[in-house]
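Engineer: Model the structure of this input:
(chains A, B and C)
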Amino acid sequence: MSSAARKRLVTALLLAPAAVWLFLFLVLPFIAIVVFSLGERAPAGGYQPALTLAQYANLPARAAAFWNTLVLAPAGALACLLIAYPVAYYLAIKVLPQRRLLLVALIIIPFWTSLLIRTYAWMYILGGRGIPAFLELVGLPDVRLINTPGAVLLGIVYGYLPLMILPIYISLERLDRRLLEASADLGATPFSTFFSVTLRLSLPGMMTGFSLVLILLLGEYLIPTLLGGGKVFFIGNALVDLFLQSRNWPFGSAIAVALVGIAVVLLLAANRITARLSGARQVDLL
Amino acid sequence: MAGQQTLDIEFRGVSKRYGDVTAVHPTDFAVPKGAFIALLGPSGCGKTTCLRMIGGFEQPSSGQVLIGGADMADVPPYRRPVNMVFQHYALFPHFDVSANVAYGLRQVRPRLTSSEIARRTADALAMVQLAGFGARKVHELSGGQQQRVALARALVNRPSVLLLDEPLAALDKKLRTDMQIELQNLQRELGITFVLVTHDQEEALSMSDVVCVMNGGRIVQLGAPDEIYDRPADRFVAAFVGKTNFLDGTVLANANGAARLRLSNGMEVSARVSGDVSAGADVAVSLRPEALRLGAPAGGTGLSGIIRNRIFLGSTAEYAIEVPLLGTLLATADHSAAQSDLLRPGDPVAISFNPGAPLAFPASDNKTRQRESSHVQIVS
Amino acid sequence: MSKSYRDGLPLSAREFIDQLLRFRRGSISRRHFLGVTGLGVATAVLASELGLRPMPAYAAGELGDRLSIATWPNYHDPQTFIDFTTNTGVAVEVNVFGSNEEMLAKLQAGASGWSLFVPTNYTISTYRQLDLIDALDVSKLPNYDAAAQNKRFTAEGEVNGVLCAVPKNWGTTGFAVNTAKLTKPMTSWKDFFDTAMTTGSGRSMVHDYQLTTIGNALKYYGYSFNSLKPDELAKAEELLLKVKPHLFAISSDYQPAMRSGDAWLTMCWTNDGAQLHRDIPAIDYVLGKEGGEIWTDFYAIPKDAPNKAAAYALLNYLMDPKVAVKEHIANGAPSTDARVNALLPKDLLDNPILYPAADLLAPLEFGAAATLTDPARAELMARFKSA
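Structural biologist: Now for the predicted structure:
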């Protein structure tokens, strides 16, 4: 066997388990969703076979949910990014190495508790018995924090911040410090070094975090439900409603397909931007 | 002594401590304009710390660093008129070759015109023989090419001093030799001061005008390469720079550095001795391998031994010779194919050397004779 | 001075423990809570593995070791299930839902895992038609006495003469109002929606449930609670969209918000109204004088129930009047069973929230089966929520 053929075979074997997994649990269900999306709602709800694009034609009926999602998800991801970057920068560059592990652990530990439970905690903190009660004590009665878009944004940032901090932290931690010295040596001010070296080289981490958070937010429904009172409606909520309330599987499937499409487009765009700005290169598996 | 204005770099009582650890003891040190100086020493000797204090990446714990006569105390790296070639080059992976080289030019204020930047970038690349490589990605280049890019990048802003931190360590031997010559040529052409940090004594000796040998955070000797090699200041320098044999001996008499010694096998020899040693003192006697001459065994009082090992090096051969009561000595002998003069293991051999060849150092040199500071001034 | 340092705290230690306990028994309708943590079943199973379980009255293994029930928020006396587990060794996992549509969707998708659930009257014929529920074997329910049931409430348990569901309790859908915050007396759905858009703005809730939210909006205009007429539904939608910006939340889980003071006005079921009023007397329960919903919740066994033996055992246990009476005392809903009414304390029987005056009951309508599956109502609700 030629060495190239062997290399291909080894690569294929290494990838096989993941490929089988993805096929069974991603590709097949996705095909099912596509098939559903071309069908019709059965009279009592559910799916009945048909071949129609009517569900797709009906997508504008959820325009508000799409709009909310496409505004709040990137806004949430951006807010996460803006808050996460200084934290990651501090952890990776400024903190004494012996303290770094502890601080990183503090960021990871909340992950050991379900996001749901942590979000419930926010319901109490923002609810009438929480912060508003303290505000009442200082003479600000009837302040409402829970079930507002602000509360949803807060929940999003709180819930997804670690997912943003870690990839940025890792990319900054791997950043060769001598590059920063080289930049300073060549006459760049710290400000200029940050923008032309640090930021550029941490772009892959930023993009990983941003994509990760964005994708998860596109499907988010829990936080809008719990902290938005079911009024701040994401496309995820529309999906839950279509499958769990109106039992309109074909329409729900069409929305799911559209959502996957949007996510793919956003990811490809993010990848392109990252590759262009950071000069990242592809690496052979073997 | 040279005047202040011709000094490029000056250390005045500079020291560096990290917590309880002293990396550099208070040091005075001056490099004249246009010199090629090598900071040579084993790892941890403080040479890189000194270089980084010049570059501004470390702040001295005490003392002053001056560049071109100006105190650098509050001057950050990006305002210092020096540039550095980093170990492993530290090229920007997200820029192509041109952008790496142009990086320093883009920082200049007021801004240079883009045509000026392009011209000077091209010049710099041509200078390191990389014309036409501007659009390449850094990771597409070989180690030697990356080295040249790092050099072009550091020189493009025409610094008054170029700092080189182990610049050749990552290259293979052949390439290293080529680059050594190239660096020397460049330094002569540009006439700017080069400060080279290396742990490789051959590199230091072959490239620089001045070698500064450091050990344990102190400068132990500063001088021309031949001076360092032929007249090492102490036992450490003798051992670190080049190969040598150390023999135990006792001083019989010492008159202004010309001493009479008795070696441990009872043989008496003349030697130059450095430092304060009087009769009766124990000394370590250094004999360079190439100072030993090998001949046919003869009777009498000369040294003799038996060849135990031979390493053939082409034009020369190295022999390990077992000498009774002295141990194993290393000798280098020229080889000429025509005469088929190679000796074989097991051959008996007589050893001789010139009377001036042995150098003696106080036996406890490095342990007890710690100077409070090293003060050296090169005269150009 | 008798003032305690605790007085100024937003949540006293006692209240906190209460909340925690309510959490545990699922009454805050944290329906994900036990599912996510797996705590409920895990602890019960662990206890049985360790032999910590008391001796059951049934032979080991006969009923299995667990059973899952789908029901409504704040709907059971937690002690009921604890006692059942003690007697049988079967751990009960409680899933809480906010709408009949959700229950139907789960059953339609299959593998809900429930052995027993609590559908509302108007949905039973659909379940039967979709072949999602079993005909009940009355021989396994000796505690059920058809003769003792009030047929006005229980007729829909039979589909085409086949008994498919037995009643848990009946009730009404009105609204709860915190009279300490909204002092103007309210008597109608018109009052409800108008207040929600004015003095109750930002503090009012409607159900995340098309039947009641759309139905009560229809009542605002005096239309039938069950209307499927497009022009009437359009009016209801217009009202809902107008009120939406003023809502605190769209949720069927309104007790926590009413208790914490975040919400002052909410659509409300009898049992929640009774519980809220019992604990916070300032919260009144009001039936809209235009009408609204009257309902009965039933127990039914899904066709694909994984543990039918335990389901019958639990169902029979719940049909025991002595057990049922505690359920009613706990959840505050009126009974359909004459045997239970005979055992209920007088203050419950006299409570106008449970047993409203005849003139208020008269205009109420039972939900109609068609509303459950009607795509227009489903889509209207979805548009309202996503607006």
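
Engineer: could you pull out the strands for the chain?
Structural biologist: Using chain A. Taking DSSP state E, chain A contains no strands at all.

Engineer: let's do chain C instead
Structural biologist: Using DSSP E, strands in chain C cover C:66-71, C:91-96, C:116-117, C:158-159, C:162-163, C:166-178, C:204-206, C:247-250, C:265-269, C:283-286, C:292-299, C:364-366.

Engineer: quick one: which of these is nearest chain A?
Structural biologist: Closest to chain A of the strands of chain C is strand C:247-250 (CB to the nearest CB; 2.8 Å). No exception for glycine: its C-beta is placed from N, CA and C like everyone else's.

Engineer: could the strands of chain C be laid out in JSON lines, adding mean pLDDT?
Structural biologist: Listed next are those as JSON lines, based on pLDDT from 0 to 100:
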{"stretch": "strand C:66-71", "mean pLDDT": "93"}
{"stretch": "strand C:91-96", "mean pLDDT": "91"}
{"stretch": "strand C:116-117", "mean pLDDT": "96"}
{"stretch": "strand C:158-159", "mean pLDDT": "94"}
{"stretch": "strand C:162-163", "mean pLDDT": "96"}
{"stretch": "strand C:166-178", "mean pLDDT": "96"}
{"stretch": "strand C:204-206", "mean pLDDT": "97"}
{"stretch": "strand C:247-250", "mean pLDDT": "94"}
{"stretch": "strand C:265-269", "mean pLDDT": "97"}
{"stretch": "strand C:283-286", "mean pLDDT": "96"}
{"stretch": "strand C:292-299", "mean pLDDT": "96"}
{"stretch": "strand C:364-366", "mean pLDDT": "95"}
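
Engineer: of all those strands, which lies closest to residue A:62?
Structural biologist: With distances scored as CB to CB, the stretch of these nearest to residue A:62 is strand C:247-250 (16.2 Å).

Engineer: How far does stretch C:146-156 sit from its chain's centre?
Structural biologist: The chain centroid and the centroid of stretch C:146-156 are separated by 19 Å under CA atoms, centre = their mean, to the nearest Å.

Engineer: One more: stretch A:182-202?
Structural biologist: Average the C-alpha atoms of stretch A:182-202, do the same for its chain, and the two points are 29 Å apart (CA atoms, centre = their mean).

Engineer: just to revisit the earlier point, just send the strands of chain C back as CSV, with distance to chain A too.
Structural biologist: Output for the strands of chain C, formatted as CSV (distance: least, CB to the nearest CB, whole Å):
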stretch, distance to chain A
strand C:66-71, 13
strand C:91-96, 13
strand C:116-117, 15
strand C:158-159, 14
strand C:162-163, 19
strand C:166-178, 11
strand C:204-206, 8
strand C:247-250, 3
strand C:265-269, 12
strand C:283-286, 14
strand C:292-299, 18
strand C:364-366, 19
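
Engineer: Tabulate those (a markdown table), appending mean neighbour count and distance to chain B.
Structural biologist: Output for those, formatted as a markdown table (neighbours: other CB atoms under 10 Å in any protein chain shown; distance: least, CB to the nearest CB, whole Å):
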| stretch | mean neighbour count | distance to chain B |
| --- | --- | --- |
| strand C:66-71 | 23 | 56 |
| strand C:91-96 | 22 | 53 |
| strand C:116-117 | 26 | 59 |
| strand C:158-159 | 18 | 71 |
| strand C:162-163 | 14 | 74 |
| strand C:166-178 | 25 | 61 |
| strand C:204-206 | 29 | 53 |
| strand C:247-250 | 25 | 48 |
| strand C:265-269 | 29 | 57 |
| strand C:283-286 | 23 | 63 |
| strand C:292-299 | 25 | 65 |
| strand C:364-366 | 18 | 70 |
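
Engineer: For residue C:127, find the nearest of the ones you listed.
Structural biologist: Of those, nearest to residue C:127 by CB to CB is strand C:158-159, at 8.5 Å.

Engineer: okay, now residue B:21: neighbour count?
Structural biologist: Other residues near residue B:21 number 9, with proximity taken as other CB atoms under 10 Å in any protein chain shown.

Engineer: quick one, domains of chain C?
Structural biologist: C:13-170+C:296-346, C:172-294+C:356-386 (automatic domain parsing).

Engineer: still on that earlier bit, rebuild the strands of chain C as CSV, extending it with distance to residue B:37.
Structural biologist: Below are the strands of chain C laid out as CSV (distance: least, CB to CB, whole Å):
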stretch, distance to residue B:37
strand C:66-71, 82
strand C:91-96, 80
strand C:116-117, 88
strand C:158-159, 101
strand C:162-163, 103
strand C:166-178, 85
strand C:204-206, 81
strand C:247-250, 76
strand C:265-269, 84
strand C:283-286, 88
strand C:292-299, 93
strand C:364-366, 100
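
Engineer: Quick check: what element follows the lengthiest helix in chain B along the chain?
Structural biologist: The residue-count maximum for a helix in chain B (DSSP state H) belongs to helix B:173-190. For helix B:173-190, the succeeding helix or strand toward the C-terminus, using DSSP states H and E, is strand B:193-198.

Engineer: Run through the neighbouring helices and strands of the helix or strand following that next one.
Structural biologist: Going down the chain from strand B:193-198, the next helix or strand is helix B:201-207, by DSSP H and E. Where contact means 3 or more CB pairs under 8 Å, 6 or more residues apart in numbering or on different chains; DSSP states H and E, helix B:201-207 is packed against strand B:36-40, helix B:173-190, strand B:193-198, helix B:225-230.

Engineer: repeat that for 10 Å
Structural biologist: Helices and strands touching helix B:201-207, by 3 or more CB pairs under 10 Å, 6 or more residues apart in numbering or on different chains; DSSP states H and E, are strand B:36-40, helix B:173-190, strand B:193-198, strand B:210-215, helix B:225-230.

Engineer: chain center to it: distance?
Structural biologist: Averaging C-alpha positions (CA atoms, centre = their mean) puts helix B:201-207 5 Å from its chain's average.

Engineer: try stretch A:228-243
Structural biologist: Distance of stretch A:228-243 from the chain centroid (CA atoms, centre = their mean) equals 17 Å.

Engineer: Likewise for stretch C:262-271?
Structural biologist: In terms of CA atoms, centre = their mean, the centre of stretch C:262-271 is set 13 Å apart from its chain centre.

Engineer: Quote the end-to-end distance of it.
Structural biologist: Criterion CA to CA, to the nearest Å; first-to-last residue distance in stretch C:262-271 is 20 Å.

Engineer: what's the answer for stretch C:83-99, then?
Structural biologist: From its first residue to its last, stretch C:83-99 covers 28 Å (CA to CA).

Engineer: near chain B, which residues of the stretch 51-200 of chain A show up?
Structural biologist: Listed as neighbours of chain B in the stretch 51-200 of chain A under the rule CB under 10 Å from any CB of the partner chain: A:176-190, A:192-193, A:196-197, A:200.

Engineer: For these, which PyMOL command selects only the ones that are buried?
Structural biologist: PyMOL command restricting these to the buried ones, with burial defined by 16 or more other CB atoms under 10 Å in any protein chain shown:
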select buried, chain A and resi 176+178+179+180+181+182+183+184+185+186+187+188+192+193+196+197+200
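
Engineer: Now, the residues of the stretch 51-200 of chain A next to chain B that are in helices?
Structural biologist: Mapping these onto helices (DSSP H) picks out A:177-185, A:190, A:192-193, A:200.

Engineer: quick revisit: out of the helices and strands packed on helix B:201-207, which comes closest to chain A?
Structural biologist: strand B:193-198 (13.2 Å).

Engineer: quick check, that closest one touching chain A?
Structural biologist: No. Strand B:193-198 is not in contact with chain A by CB under 10 Å from any CB; minimum separation 13.2 Å.

Engineer: Pull the distance from that strand to the chain's centre.
Structural biologist: With CA atoms, centre = their mean as the basis, strand B:193-198 stands 9 Å off its chain's centre.

Engineer: Any regions of the stretch 151-300 of chain B where pLDDT drops low?
Structural biologist: For the stretch 151-300 of chain B, residues meeting the criterion pLDDT under 70 lie at B:299-300.

Engineer: again, only using 90
Structural biologist: Residue ranges of the stretch 151-300 of chain B with pLDDT under 90: B:168-179, B:182, B:233-235, B:242-243, B:253-259, B:264-270, B:272-282, B:292-300.

Engineer: how about the residues of it that lie near chain A?
Structural biologist: Counting by CB under 10 Å from any CB, the stretch 151-300 of chain B sits next to chain A at B:153-154, B:156-157, B:159, B:163, B:165.
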